[in-house]
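Asker: generate coordinates for the sequence data below:
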Amino acid sequence: MDSIIKTVTQHKHLGNGSIILCHNGAKYTAKALDMLIATLKNEGYTFVPVSELIYKDNYHMDHEGRQIKN
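Answerer: A predicted model of the protein is given here:
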């Protein structure tokens, strides 16, 4: 469980607008989720629906899932 929290919170690509994918079939994901959310909130992150993060006009996604202005 601690490794999940460390992997997400210390990931080099974590930043504003990041989408965190958690696999629901993994053994410890459900147990780690409350702690993961609390840790990220304590670090100043907020949670919004994915629909609020995706630009629909004049952008495209690169191979890492980043939105690039056309």
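Asker: contacts and neighbour counts: CA atoms only from here.
Answerer: OK.
Asker: quick one: stretch 42-52 to chain centroid distance?
Answerer: Chain-centre distance of stretch 42-52: 8 Å, with C-alpha atoms, centre = their mean, to the nearest Å.
Asker: need the contact partners of that stretch.
Answerer: With C-alpha atoms under 8 Å, 6 or more residues apart in numbering as the test, stretch 42-52 has contacts from 16, 19, 40.
Asker: how many neighbours does the last one have?
Answerer: What it means is Leu40. Using other C-alpha atoms under 10 Å, Leu40 is surrounded by 15 other residues.
Asker: pretty sure it sits against Lys6.
Answerer: No: using C-alpha atoms under 8 Å, Leu40 is not in contact with Lys6, being 10.8 Å away.
Asker: not counting sequence-adjacent ones, nearest residue to the most centrally placed residue in the chain?
Answerer: Nearest to the geometric centre of the chain sits Ile20, at 2.3 Å (C-alpha atoms, centre = their mean). If the residues on either side of it in the chain are set aside, Ile20 comes closest to Val8, at 7.8 Å by C-alpha to C-alpha, 6 or more residues apart in numbering.
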